[in-house]
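J.: Based on what follows, work out the 3D shape:
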Amino acid sequence: MAISLIRTIIVYISLIISLRIMGKRQIGELAPSELVVAVVISDLASLPLQDIGMPLIYGLVPVLTLLCMEVLISFATMKNIKLRVFVGGKPSFIICEGKINQKEMSQNRLTLDELAVEMRKQNVMDISTIRHAILESDGTLSILLYSSQSPATPAQMNLNVDDPDYPVTVISDGHVLTENLKLLGFNDNWLDKKLKKYGVKSPKEVYILTSDKKEKIYFAKKEKTR
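T.: Residues are numbered from 1 along each chain as shown. This next block holds a predicted model:
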């Protein structure tokens with residue numbers, strides 16, 4: 001029992017490390033080669049867990065080999081455009097200048113119902129409003145509307161607006177994130193003043209506190225549990 005538990009922990013940690021090295025993309029955004037590696041790795045990793053008599057190294061070596069191959073291919077595709085197209089594919093214009101490309105629809109085995117689903121996900125209901133629709137190599141659909149159908153931007157309306165800063169979490173569930181506090185350019189004295197402003201004595205009383213560099217703060221106090 002103990003051996004099985006230890007083997008499971010080792011395989012789990014190895015898979016986490018492997019997927020972290022592969023990158024942060026979600027399964028739906030993986031390139032074909034990355035998806036293949038992810039599927040094969042999960043299958044190979046299960047073998048030493050199913051057969052306790054199999055040496056653990058027999059499962060880890062293939063996983064590490066595939067990981068090394070994926071990393072090497074990733075570097076190679078960065079340097080070679082033809083290899084990049086071969087491994088990852090290339091985008092397809094499903095709609096061009098308002099006209100559906102039926103040949104590309106057929107080649108990509110994309111039905112009109114699937115196209116409609118992807119449109120609705122982006123709050124687009126009418127095909128006639130679309131100028132270009134591109135099926136990306138990861139399977140997602142990028143849509144460019146006609147200018148007359150696109151929301152007006154402040155620049156088009158000659159409005160001067162401030163660029164928003166990115167809010168950073170300073171306190172999360174009672175814990176002060178010191179690195180984020182330093183990232184904003186603030187210190188503990190600044191934080192103490194803000195906590196006093198919101199009527200709390202300790203960060204442990206705070207559920208979440210976020211701020212940007214312009215000190216636009218979102219604050220929520222911990223609710224008392226019964």
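J.: on contacts alone, who are the packing partners of the longest helix along the chain?
T.: Looking across the chain with DSSP state H, the single longest helix is helix 57-79. Packing contacts for helix 57-79, counted by 3 or more CB pairs under 8 Å, 6 or more residues apart in numbering; DSSP states H and E, involve helix 2-22, helix 32-50, helix 81-88. From N, CA and C alone the C-beta is placed, and that goes for glycine too.
J.: worst average pLDDT in the ones you listed?
T.: Among those, helix 2-22 has the lowest mean pLDDT, at a mean of 68.
J.: May I have the distance across stretch 128-142, first residue to last?
T.: Taking CA to CA, to the nearest Å, stretch 128-142 runs 15 Å from one end to the other.
J.: right, I mislabeled it, should have said stretch 138-152
T.: 29 Å.
J.: and Val63, how far is that from Ser14?
T.: Counting by CB to CB, to the nearest Å, the separation of Val63 from Ser14 is 6 Å.
J.: Give the residues shared as contacts by those two.
T.: Ala45 (CB atoms under 8 Å, 6 or more residues apart in numbering).
J.: Low-confidence regions, the chain specifically.
T.: 1-5, 7-8, 11-12, 15-16, 18-35, 225-226 (pLDDT under 70).
J.: Please parse it into its domains.
T.: Using automatic domain parsing, the domain parsing of the chain gives 2-86, 92-149, 168-221.
J.: would a markdown table of those with mean neighbour count and distance to Gln156 be doable?
T.: Listed next are the domains of the chain as a markdown table, based on neighbours: other CB atoms under 10 Å; distance: least, CB to CB, whole Å:
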| stretch | mean neighbour count | distance to Gln156 |
| --- | --- | --- |
| domain 2-86 | 14 | 31 |
| domain 92-149 | 14 | 9 |
| domain 168-221 | 14 | 25 |
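J.: farthest residue from the center of this protein?
T.: Residue farthest from the centre of the chain, counting by CA atoms, centre = their mean, is Gly53 at 38.2 Å.
J.: Surely that residue forms part of a strand?
T.: No. Going by DSSP: H, G, I helix; E, B strand; the rest coil, the assignment for Gly53 is coil, not a strand.
J.: Would you mind giving both backbone torsions of it?
T.: phi -70, psi -20 (degrees, to the nearest 10).
J.: That one and Ala45: what is the separation?
T.: 17 Å.
J.: gap between the closest residue to Ala133 other than its chain neighbours and Thr129?
T.: Closest residue in space to Ala133, ignoring its immediate chain neighbours: Ile95 at 3.7 Å, by CB to CB, 6 or more residues apart in numbering. From Ile95 across to Thr129, the span is 10 Å (CB to CB).
J.: go on, Ala152?
T.: 15 Å.
J.: again with Thr111
T.: On the measure of CB to CB, Thr111 and Thr129 end up 20 Å apart.
J.: Mind telling me what element Asp163 is part of?
T.: Under the criterion DSSP states H and E, no helix or strand holds Asp163.
J.: What about it, how many residues nearby?
T.: 4 (other CB atoms under 10 Å).
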